[in-house]
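# model this:
(2 chains)
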Protein chains: 2
Amino acid sequence: MSGKPAVVLLSGGLDSATVAAIARADGHSVYALSFDYGQRHRHELHAASQIADALDVAEHRTVVVDLRVFGASALTADIDVPKHRSADHIGDGIPITYVPARNTIFLSFALGYAEVVDAADIYIGVNALDYSGYPDCRPEYIAAYEQMANLATKAAVEGVARVSIRAPLIDMTKARIIQRGRELGVDFSMTRSCYDPSRDGAACGGCDSCLLRAKGFADAGVPDPTIYAQPTSPVETPS
Amino acid sequence: MSGKPAVVLLSGGLDSATVAAIARADGHSVYALSFDYGQRHRHELHAASQIADALDVAEHRTVVVDLRVFGASALTADIDVPKHRSADHIGDGIPITYVPARNTIFLSFALGYAEVVDAADIYIGVNALDYSGYPDCRPEYIAAYEQMANLATKAAVEGVARVSIRAPLIDMTKARIIQRGRELGVDFSMTRSCYDPSRDGAACGGCDSCLLRAKGFADAGVPDPTIYAQPTSPVETPS
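Numbering: from 1, shown residues only, chains lettered A, B, ... in the order given. Got it, this is the predicted structure:
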């Protein structure tokens, strides 16, 4: 695989798998970066490895960072992941699955990695439409991050390279992301989105991430390859 | 200890010890954050604990992050730390002891920690005068980081709090930092600055950090409490 190096944040979900395929379609040699951050849904790390192999990336590194030191999120702490009856029931506020400063931390490692492999482009699969209320998925956040990044690194200071933070999904609906991924040959059966999977990796079908994913496949008219543990009876949380 | 919470990045060096004392003098309850990042000079983590105890902080957490995954710095990889005859011999460029995106990564964890403990202030001991050429120690970098941080967090989005990145040492000489620390009662014998200490923790006396520290004590007219392994014969590297 040749082309200019680009760092891609690869979680193992369908968004980041599509982003990795976009980076490759943009002509880049992909340096994929995943995080073992004490997430409850660690099956996504296995998915990230499979996706990296399928995309023939130049390199795939996994950084261990223990975000549980901060607690406070249902994704890392011993707090129940909220379940809803359908995507329409997802609340407007910032959900309890928000991990403090997660994208800021992940992008910072990507910036260090980019500096080491001489990459001027960092790809991240954030999405402002289906972002479930996370502050660090908005375009103004990405723009501010890019500005900071260009003052932070040796390459930027020496005028060798300008760092670009690429968020190609930021304005897409989940359905559009799925269509784009399909065009690029992404095998969505490898991807994992559920925040609260069963022990064998089956999706719960009721968390925000499962609901947005299922709705996306339905809206796109693409068969949903997800294996659900409870396809018909997600639990409603009292609100 | 009472007062509004503030997160302080505490490395165990004299700069961050002084910053922690300034945060306390500013009336804050100090939440100190250190990093075990695979640094060669791990003795600084022990120093950080001693300093945190002496300052009676509200909490001191150490995050394990393996920056060795990126290699490429004499502080984490198997590259010799350069030695010089005196502070005047330190080069102008960005030194090999620069760790890619280190301050960006550290501030990102501080941002997450601040969100969890409801702190609106993050203190960091960066210094633009004696910074040895690190890009992420400049005022424009700190300002850009603060702008990004205020778009990144739940508290900022909800308008609950504005995050301030405080870099009170940024315009100070090392001598002035030492004077300020002394005024605030910092015990500098607890602090460690050397990038390449001996096994028993004695300072090498020849790395950039040792030279700047020794010059700072001399310029400040304050007795240097540092224990040096080789006080009189630092090694000159070929340039």
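# for residue A:112, helix, strand, or coil?
Assigned by DSSP: H, G, I helix; E, B strand; the rest coil, the conformation of residue A:112 is helix.
# my error: substitute residue A:64 in the last question.
strand.
# for it, which non-adjacent residue is closest in space?
residue A:36 (4.7 Å; C-beta to C-beta, 6 or more residues apart in numbering or on different chains). Glycine gets a C-beta too; all of them are placed from N, C-alpha and C.
# how much space between that neighbour and chain B?
10 Å (C-beta to the nearest C-beta, to the nearest Å).
# please list all residues in contact with that residue.
By C-beta atoms under 8 Å, 6 or more residues apart in numbering or on different chains, the contact list for residue A:36 reads A:42, A:45, A:62, A:63, A:64, A:65.
# make it 10 Å
Residue A:36 makes contact with A:42, A:44, A:45, A:48, A:62, A:63, A:64, A:65, A:66, A:67, according to C-beta atoms under 10 Å, 6 or more residues apart in numbering or on different chains.
# same question, residue A:43
A:12, A:192, A:194, A:197, A:198, A:199, A:200, A:201, A:202, A:203.
# what residue of chain A is the furthest out?
For chain A, the residue at maximal distance from the C-alpha centroid (C-alpha atoms, centre = their mean) is residue A:158, at 31.1 Å.
# returning to that earlier point: show the buried residues in the contacts of residue A:36.
Neighbour-count burial (16 or more other C-beta atoms under 10 Å in any protein chain shown) is assigned, among those, to A:44, A:45, A:48, A:63, A:65, A:67.
# farthest-apart pair in those, please.
Spanning the widest gap among those are A:48 and A:67, at 16.5 Å by C-beta to C-beta.
# strand partners of the longest strand along chain A, parallel vs antiparallel please.
Longest strand in chain A by number of residues (criterion: DSSP state E): strand A:29-36. The pairing partners recorded for strand A:29-36 under DSSP bridges are strand A:5-9 (parallel), strand A:59-64 (parallel).
# redo those strands as CSV? Include mean pLDDT.
Converted to CSV, the strands paired with strand A:29-36 look like this (pLDDT from 0 to 100):
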stretch, mean pLDDT
strand A:5-9, 97
strand A:59-64, 89
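# dump the ones you listed into TSV; add distance to residue A:123 as well.
As requested, the strands paired with strand A:29-36 are arranged in TSV below (distance: least, C-beta to C-beta, whole Å):
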stretch	distance to residue A:123
strand A:5-9	4
strand A:59-64	14
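# just name the most buried of those strands.
The highest mean neighbour count among those, using mean count of other C-beta atoms under 10 Å in any protein chain shown, belongs to strand A:5-9: a mean of 26.
# tell me the two of the contacts of residue A:36 that are most distant?
Among the contacts of residue A:36, A:48 and A:66 lie farthest apart (C-beta to C-beta), at 18.0 Å.
# could I get the buried residue list for stretch A:165-185?
Buried residues in stretch A:165-185 (16+ other C-beta under 10 Å): A:165-170, A:172-181.
# closest to chain B among the residues you listed?
Checking the buried residues of stretch A:165-185 against chain B with C-beta to the nearest C-beta, the nearest one is residue A:165 at 10.6 Å.
# run through the bridge partners of the closest one.
residue A:122.
# pLDDT score for it?
With respect to pLDDT, residue A:165 has a value of 97.
# repeat that for residue A:91.
53.
# then residue A:209?
83.
# again with the one 10 residues further on
In this model, residue A:219 is scored at 95, pLDDT.
# for chain B, see how far away it is.
Residue A:219 is 27 Å from chain B, by C-beta to the nearest C-beta.
# in a helix, that residue, correct?
Yes. Counting by three-state DSSP, one finds residue A:219 located in a helix.
# report the contact partners of it.
Residue A:219 touches A:87, A:173, A:174, A:175, A:176, A:178, A:179, counting by C-beta under 10 Å, 6+ apart.
# how about those residues, which pair is most distant?
Greatest spacing in the contacts of residue A:219, by C-beta to C-beta: A:87 and A:179 (17.7 Å).
# which regions of chain A sit below the pLDDT cut-off?
Across chain A, the ranges flagged by pLDDT under 70 are A:1, A:39-41, A:68-99, A:130-133, A:156-157, A:159-161, A:230-239.
# what's opposite residue A:62 in the beta bridge?
Beta-bridge partners, per DSSP bridges, of residue A:62: residue A:34.
# circling back: compare the contacts of residue A:43 and tell me which is most surrounded.
residue A:192 (28 neighbours; other C-beta atoms under 10 Å in any protein chain shown).
# list the contacts for that residue?
By C-beta under 10 Å, 6+ apart, the neighbours of residue A:192 are A:11-14, A:17, A:41-48, A:50-51, A:201, A:203, A:209, A:213, A:226-227.
# same check, this time on residue A:169
Contacts of residue A:169 (C-beta under 10 Å, 6+ apart): A:14-16, A:18-19, A:22, A:123-131, A:137, A:176-177, A:180-181.
# how about the nearest residue to it, chain neighbours excluded?
Nearest non-adjacent residue to residue A:169 (C-beta to C-beta, 6+ apart): residue A:127, at 4.8 Å.
# next one: phi and psi at the one you found?
phi -150, psi 120 (degrees, to the nearest 10).
# wait, it sits on residue A:174?
Yes. Using C-beta atoms under 10 Å, residue A:127 is in contact with residue A:174, at 7.6 Å.
# give the residues shared as contacts by these two.
Counting by C-beta under 10 Å, 6+ apart, the contacts common to residue A:127 and residue A:174 are A:15, A:212.
# run a quick neighbour tally on residue A:17.
30.
# before we move on, which element is it in?
Element membership of residue A:17, judged by DSSP states H and E, is helix A:14-25.
# and that helix, which residues are buried?
A:14, A:15, A:16, A:17, A:18, A:19, A:20, A:21, A:22, A:23, A:24.
# quick check: closest non-adjacent residue to the third one.
Here the nearest residue to residue A:16 in space, its sequence neighbours aside, is residue A:125; by C-beta to C-beta, 6+ apart that works out to 4.1 Å.
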